[in-house]
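In: Pasting the sequence and the predicted model now:
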Amino acid sequence: MEPRKSSAISKLYERSPAERREAVAAWAGLEPIEASALDDCGLSANDAELMIENVIGRFALPMGVATNFLINGRDYLIPLVIEEPSVVAACSYAAKLIRAGGGIVASSDESIMTGQVQLLDIPNIETAAASITSHQETLLRRANETATNIVARGGGATGLETRVFADTPAGAMLVAHLHFDTRDAMGANAINTALEHIAPALEEISGGRANLRILSNLSDRRMARARGTIPVDALGTAELCGHGVGEAIVEASVLAEIDPYRAATHNKGIMNGIDALMMATGNDWRAVEAGAHAYAARHGSYTSLSSWRQDEQGNLTGHIELPLALGIVGGATRVHRGAKAALKILAVESARELAQVAAAVGLAQNLGALRALATEGIQRGHMRMHARQIALAAGAEPDILQDVVQTMIREGRIRPERAKALVRESERRL
Ligand code: COA
């Protein structure tokens, strides 16, 4: 049996990028060709030409790896692609805290996508709705005609519903919802093809005219959730006791639950992690974003996707739930070598498992930001991460990097001009 690998790789950030890459490649069993995709942006000019139109080049972003994740008893290293400093560090830090409480427990639904066919000019809308319901079996069979591969893998059409909008500025309309299990694919193409295929039959049955035939990004039958507990002792800092930190996090959580102004920022923090994972794995992060925010507004008022509460001893438990329509096959994963390498590092076996990991990352990212906000404030860590980048951009070599960073932090002057001056001073001294 393969020995159990731990993702709690302490001080990974103190190694060079090449050393980190080597460590992660060894951890994940990447072949040299796969590891090289992490270094050369993972996308050849030819492959780029296969992905979109009018290609004129490629555009790289950093890929980092979040450590410490223990999800459903399994260790994960999480590749994250993002331009914002401190996200990867905060995510790793929070995963370390939750690990101290036994790790994250996550679950996810089957990969059920929902698609809509909009029907208008219907003579009798209630009769049409009833008729569509009575033809459900035939319509589902017809939808499956377009997806033999997915059906062979156990997926395909699972249900049909109707929704009536009797009075709209465009007249009465009936919307048929097709639910479709897309297995390990995000499934946009599969469901859109199925919708276009059944639209003529829906027109015939309803006596109406089909207009839109397209998936909904509010994929609320494709939910993922994650939960984790941080023991009160792990929450304390040099200045604050664990109970006080937990209490401040609960207060912050409650504000996000009741106030859309805070909820928007709270959820943005969650999506810092989830989007970065979507980017790394070649998933459609706009689809996931749209679904998350529509779900957050499902009761008519925009609210938080997560919540945090303390028990009597002060242990802090967080929970997150959101729709996650994502895949591990098809889409960009077909050509993007970087995305393929990221999926191999994750070693997820299904889209459902990736959704569990994404929910766990969202929960950890949320905790990372809330913990910082409730203790030292967000700027300290942010600027500390930023200081390193500024020092590097100013030309600080590894031997003076820490000195330049620490001096800027101590002085509270984290600026390019100051970094350049410190680099010049160090060079004069050498
Ligand atoms: N790179 C990667 N991970 C880092 C890191 C870095 N430079 N610095 C800290 N970490 C992670 C590691 O997992 C570390 O554990 P390890 O030492 O076992 O590897 C863990 O955090 C704790 O390290 P510590 O040195 O105690 O962290 P810190 O107190 O200096 O905190 C931040 C630094 C950035 C993690 C913290 O300030 C933070 O979480 N800030 C919030 C940032 C945020 O939410 N940003 C996004 C929204 S603006």
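Out: Received, thanks.
In: do you know how far the nearest residue to G103 once chain neighbours are set aside is from M383?
Out: Nearest residue to G103 in three dimensions, chain neighbours excluded: L70, at 3.2 Å (CB to CB, 6 or more residues apart in numbering). C-betas here are computed from N, CA, C, even on glycine. Counting by CB to CB, to the nearest Å, the gap between L70 and M383 amounts to 30 Å.
In: okay, these two: which has more neighbours?
Out: L70 (23 against 16; other CB atoms under 10 Å).
In: Domain-wise, how is the protein divided?
Out: Per automatic domain parsing, the structural domains of the chain span 12-108+225-376, 112-216, 380-429.
In: got the phi/psi numbers for the residue in the chain that the ligand sits nearest to?
Out: Nearest residue of the chain to the ligand (CB to the nearest ligand atom) works out as G381 at 1.9 Å. Per-residue torsions, G381: phi -70, psi -40 (degrees, to the nearest 10).
In: ok now do the closest residue to D39 other than its chain neighbours, which residues does it touch?
Out: Spatial nearest neighbour of D39, excluding adjacent residues (CB to CB, 6+ apart): R21 at 6.6 Å. Contact analysis of R21 by CB atoms under 8 Å, 6 or more residues apart in numbering lists A35, L38, D39.
In: ditto for R334
Out: Contacts for R334 (CB under 8 Å, 6+ apart) come out as none.
In: ok, 10 Å please
Out: D47, L50, M51, G282, K340 (CB atoms under 10 Å, 6 or more residues apart in numbering).
In: before we move on, what about A355?
Out: A355 touches 106-109, 111, 222-226, 288, 322-328, 348, counting by CB under 10 Å, 6+ apart.
In: A194 now?
Out: 113, 115, 139-140, 142-147, 150, 156-157, 178, 180, 182, 187, 213, 215.
In: can you count the residues close to the residue nearest to it when sequence neighbours are not counted?
Out: With CB to CB, 6+ apart as the criterion, A194 has its nearest non-adjacent residue at 4.2 Å, and that residue is A143. Neighbours of A143 under the rule other CB under 10 Å: 26.
In: quick one: contacts of the helix or strand harbouring A143?
Out: Here A143, judged by DSSP states H and E, is contained in helix 136-144. Identification of contacts with helix 136-144 by CB under 10 Å, 6+ apart yields 115, 117, 132-133, 135, 150-151, 155-162, 176, 178-180, 190-191, 193-195, 197-198, 200-202, 205.
In: same thing but 6 Å
Out: Helix 136-144 is contacted by residues V151, G156, A157, L160, L178, A194, I198, A201 when judged by CB atoms under 6 Å, 6 or more residues apart in numbering.
In: May I see the buried residues of the helix or strand where the first one lies?
Out: In the assignment (DSSP H and E), V151 maps to helix 148-152. By neighbour count, and taking 16 or more other CB atoms under 10 Å as the criterion, the buried residues in helix 148-152 are I150, V151.
In: Need the distance between the two termini of stretch 131-139.
Out: 11 Å (CA to CA, to the nearest Å).
In: ok now it, how far from the chain's centre?
Out: Averaging C-alpha positions (CA atoms, centre = their mean, to the nearest Å) puts stretch 131-139 36 Å from its chain's average.
In: Next: stretch 298-316.
Out: 19 Å.
In: what residues does that stretch touch?
Out: Taking CB under 6 Å, 6+ apart as the rule, stretch 298-316 contacts 229-232, 242-243, 246, 249-250, 253, 256-257, 260, 263, 266-267, 270, 296, 317-320, 322, 366.
In: can you tell me which of the residues you listed are in helices?
Out: Members of these lying in helices (criterion: DSSP state H): 232, 242-243, 246, 249-250, 253, 256-257, 260, 263, 266-267, 270, 296, 366.
In: Out of those residues, the closest to E31 would be?
Out: Set against E31, the nearest of the ones in helices among the contacts of stretch 298-316 by CB to CB is I270 (33.7 Å).
In: Number of residues surrounding that closest one?
Out: Using other CB under 10 Å, I270 has 26 neighbouring residues.
In: The stretch 1-150 of the chain: strands as residue ranges?
Out: For the stretch 1-150 of the chain, the strands defined by DSSP state E, counting those that start in this stretch cover 63-71, 74-81, 105-108, 112-120.
In: Flag every buried residue along the third one.
Out: Right, strand 105-108. V105, A106, S108.
In: export these to a markdown table and tack on distance to the ligand and pLDDT?
Out: Converted to a markdown table, those look like this (distance: CB to the nearest ligand atom, whole Å; pLDDT from 0 to 100):
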| residue | distance to the ligand | pLDDT |
| --- | --- | --- |
| V105 | 21 | 98 |
| A106 | 20 | 98 |
| S108 | 25 | 98 |
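In: need those in TSV with distance to E126, can you?
Out: As requested, the buried residues of strand 105-108 are exported to TSV (distance: CB to CB, whole Å):
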residue	distance to E126
V105	45
A106	42
S108	36
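In: How about the residues of the stretch 301-430 of the chain by the ligand?
Out: G368, A369, A372, I378, R380, G381, H382, M385 (CB under 6 Å from any ligand atom).
In: Which of the residues you listed has the largest number of neighbours?
Out: G368 (27 neighbours).
In: And it, how close does it get to S92?
Out: According to CB to CB, G368 stands 8 Å off from S92.
In: Once you drop chain neighbours, what's closest to the residue nearest the centre of the chain?
Out: The residue lying closest to the centre of the chain (CA atoms, centre = their mean) is I274, at 2.0 Å. Of all residues not flanking I274 in the chain, G362 sits nearest, at 4.7 Å (CB to CB, 6+ apart).
In: avg pLDDT for the helix or strand hosting the one you found?
Out: Under the criterion of DSSP H and E, G362 resides in helix 351-374. Over the span of helix 351-374, the pLDDT mean works out to 97.
In: buried stuff in stretch 198-212?
Out: I198, A199, A201, L202, E203, I205, S206, G208, A210, N211.
In: hey, what's H179 bridged with?
Out: Beta bridges link H179 to T114, G159, judged by DSSP bridges.
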